[in-house]
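Novice: my questions are about this predicted structure, shown below with the sequence.
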Amino acid sequence: MIVAPIKTSSAYAWLLVLLVCLIVFACLSALAIGAAPVPLNVAWQVVQSHLFGAEPLDATYGQDHIIWLIRAPRVVLAVLVGAGLAMVGAALQAVTRNPLADPHLLGATSGATLGAVVVVIYVGEMLGQLTLPLAAFFGASASLLLVMAIARKHGTFTSDRLLLSGVAVSFVLMAAANLLLFLGDHRASSSVLFWMMGGLGAARWELLWLPFSVILLGGFALWACGRSLNALMTGEQTAVTLGVDVHRVRIAAFVVTSCMTGVMVALSGSIGFVGLMVPHMARRLVGAEHRRLIPLCGLLGALLVVCLDVVARTVIAPQDLPIGVVSAAIGGVFFIVLIYRS
Amino acid sequence: MEPFTLNNIYMRIESGEFVGLIGPNGGGKTSLLRCAMRYSKPESGLVGLAGNDLWAQPARWSAQRIAVVGQEFPSAFGLSVREVVTMGRIPYQRGFQSESVKDRLRVDDALATMDIVHLQHHEFGLLSGGEKQRTLLARAVAQDPQVLILDEPTNHLDPKHQVELLAHVKKLGVAVIASLHDLNLAAAFCDRLYVIKDGRVAAQGRPWDVLTPDTLFETYGVEAFVDAHPQTGTPRITWKIA
């Protein structure tokens, strides 16, 4: 079988350009679609007015408010989270040499959940809206340190030990979080449960700098590690004999992906399947070479989550469906089709 | 995993020499090769290349001089043959640089040397065993090595592919250290042989000196007949059937 239809670098560049156009179009549509539909050209005017200072001729004050203060940050967060999850998934699959690895595998998500549960149920929202994201991020970082402490042996980490420690820590932290939810106040529990199912409703302009910088820097770092990831994917001995500092790359990849996951989970809960599925789709297009794969994963992931969020917002409007439900359902069916056809 | 104990190993390989490691399974051949490829660090002693201690140099330094065809196969993710071979250029590339013209030429050369140009866009995981080994050897060639280390390169190959692969290796003209199961192939291709057993060098020398019935019996515990290969004149081993 001949792999990867996109082989030449010009075809690859055109693919990226096409995807960027699709993302821009999807974002604009996402601004227009919703419980209170706004015409596409009005949505465009509003965006122009805020970005370039043009006069929004046809937009009412209400439309301006809905589009710029509610929908726009949400769409931007969808782009960031989608890109982040997909790039993290691709990198982790290479580092662990496991095609089923996904961003929620290494403990960051359970740690974030535990942090969120503890704060929401027992401490209260002492920092306002920032409380839950901060607590979640703190939990994710703590679980990262815990996983690394457990996986460490003779000063080094192997992929197997990292993976197993991540899974084990995940289960323990999740058990603790579930126990607290079970014992805790039901109203607080349901707000945490809803957050866990994933949603982009927490997006505010003033919060977006954090995921923006973390995901941009993290994605760049993973892309820069692309060659080492290629080597690691084929095996530890191969990577070492190709001159790759395996130990350092593995730790770097693990820390970077955990931080990215922590930030994303803190803001949007656990959105499943994107990090697992998008790398597989992207590999079908450009093959497994990571310096091509990681940027493509970022764009595909962004496009996918923007679309998923539109579905999540409209299916039972005016209520939001948790986006994790939508992503898992659509992603699962998509995977079943793939399995069936291959 | 318990580290395998190797003791009192002294080996010296000249440039361009083809050296074979033979001996029973579990005797330490792979452990020894891992030391030579700067993967396992010996607790004492020295692994050197052209007067340099390998462990005093970064991994990149030895990767530019020593190439390995091991027993790891990249299969799960659908890399193409060309992508696998291009990895041989990793030791020469820095962070953000894209492949240079020289990288691409070396990859083209390596593909041509191994006769796999026509396979370059195929998925590595779906190739036959012989094609896979040729691809991995092409990756090693792209690495521009002075020393080539092969760990059981002929495992799982048909006789035709075994002979072809070793002939390809021989033609490269670089120093080769290979662990080999097939003694007749070892005798035909190697300039010198080391018998590794119980973590020690049990015997060494040219094929006719090493592959004697006595040494073979001591090494493998089986009696053998040794005569000359009708074509090459190298030792030919036939096991005595009990």
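Specialist: Nice, I can see it. Numbers count the residues shown, from 1 in each chain, chains lettered A, B, ... in the order given.

Novice: please enumerate the helices of chain B.
Specialist: Per DSSP state H, chain B carries helices over the ranges B:29-36, B:59-63, B:81-86, B:101-113, B:129-142, B:159-172, B:183-189, B:207-210, B:213-220.

Novice: can you redo those helices as CSV with mean neighbour count?
Specialist: For glycine as for every other residue, the C-beta is placed from the backbone atoms N, C-alpha and C. CSV is the format used below for those (neighbours: other Cβ atoms under 10 Å in any protein chain shown):
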stretch, mean neighbour count
helix B:29-36, 22
helix B:59-63, 21
helix B:81-86, 26
helix B:101-113, 16
helix B:129-142, 24
helix B:159-172, 16
helix B:183-189, 22
helix B:207-210, 18
helix B:213-220, 16
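
Novice: residue A:156 is nearest to which of the ones you listed?
Specialist: Among the helices of chain B, helix B:59-63 comes nearest to residue A:156, with 14.1 Å by Cβ to Cβ.

Novice: what parts of chain B come near chain A?
Specialist: Neighbours of chain A within chain B, by Cβ under 8 Å from any Cβ of the partner chain: B:34, B:37-39, B:58-64, B:66-68, B:70, B:72-74, B:76-80, B:83-84, B:86-88, B:90-91, B:93, B:95-96, B:98, B:121-123, B:126, B:143, B:149.

Novice: hmm, which of these are the buried ones?
Specialist: For these, a neighbour count by 16 or more other Cβ atoms under 10 Å in any protein chain shown gives the buried set as B:34, B:37-39, B:59-64, B:66-68, B:70, B:72-74, B:76-80, B:83-84, B:86-88, B:90-91, B:93, B:122-123, B:143, B:149.

Novice: quick check: closest non-adjacent residue to the residue most central in space within chain B.
Specialist: Using Cα atoms, centre = their mean, the residue of chain B that lies closest to the mean C-alpha position is residue B:150, 1.3 Å off. With sequence-adjacent residues excluded and distances taken as Cβ to Cβ, 6 or more residues apart in numbering or on different chains, residue B:150 is closest to residue B:178, at 3.9 Å.

Novice: show me the shaky parts of the stretch 151-300 of chain A.
Specialist: Counting by pLDDT under 70, the stretch 151-300 of chain A contains low-confidence residues at A:155.

Novice: which parts of it sit against chain B?
Specialist: So the stretch 151-300 of chain A meets chain B at A:224, A:227-228, A:230-231, A:233-238, A:240-245, A:283, A:287-289, A:291 (Cβ under 8 Å from any Cβ).

Novice: burial of residue A:116, as a residue count?
Specialist: The number of residues packed near residue A:116 is 28, by other Cβ atoms under 10 Å in any protein chain shown.

Novice: contact partners of the helix or strand hosting it?
Specialist: Per DSSP states H and E: residue A:116 is located in helix A:108-117. If you take Cβ atoms under 8 Å, 6 or more residues apart in numbering or on different chains as the criterion, helix A:108-117 is touched by A:103-104, A:132, A:135-144, A:146, A:169-171, A:173-174, A:176-177, A:180-181, A:184, A:192, A:195-196, A:258, A:261-262, A:265-266, A:270.

Novice: pull it out as CSV, backbone CA atoms only.
Specialist: Presented in CSV, the C-alpha positions along helix A:108-117 are these (Å, rounded to 0.1, in the frame of the first residue of the first chain):
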residue,chain,number,x,y,z
ALA,A,108,-3.6,15.5,34.2
THR,A,109,-7.3,15.2,33.7
SER,A,110,-8.1,13.3,36.9
GLY,A,111,-5.8,15.6,38.8
ALA,A,112,-7.7,18.6,37.4
THR,A,113,-11.0,17.0,38.3
LEU,A,114,-9.9,16.3,41.9
GLY,A,115,-8.7,19.9,42.2
ALA,A,116,-12.0,21.2,40.9
VAL,A,117,-14.1,19.0,43.1
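
Novice: next, the buried residues of the helix or strand just after that helix.
Specialist: Where DSSP H and E defines the elements, the next helix or strand beyond helix A:108-117 is helix A:131-151. Going by neighbour count (16+ other Cβ under 10 Å), the buried part of helix A:131-151 is A:131-133, A:135-144, A:146-148, A:150-151.

Novice: so what's residue 27 up against?
Specialist: Chain wasn't specified; assuming chain A. Taking Cβ under 8 Å, 6+ apart, one finds A:75, A:79, A:306 in contact with residue A:27.

Novice: that answer is for a different chain, and I need it for chain B
Specialist: B:196, B:197, B:198, B:199.

Novice: try 7 Å
Specialist: Residue B:27 sits next to B:196, B:197, B:198 when contact means Cβ atoms under 7 Å, 6 or more residues apart in numbering or on different chains.

Novice: ok, now how distant is it from residue B:200?
Specialist: Distance, residue B:27 to residue B:200, using Cβ to Cβ, to the nearest Å: 9 Å.

Novice: same deal with residue A:171?
Specialist: 47 Å.

Novice: so these two - more neighbours on which side?
Specialist: residue B:200 (16 against 12).

Novice: local confidence estimate at residue B:20?
Specialist: For residue B:20, the model assigns a pLDDT of 94.
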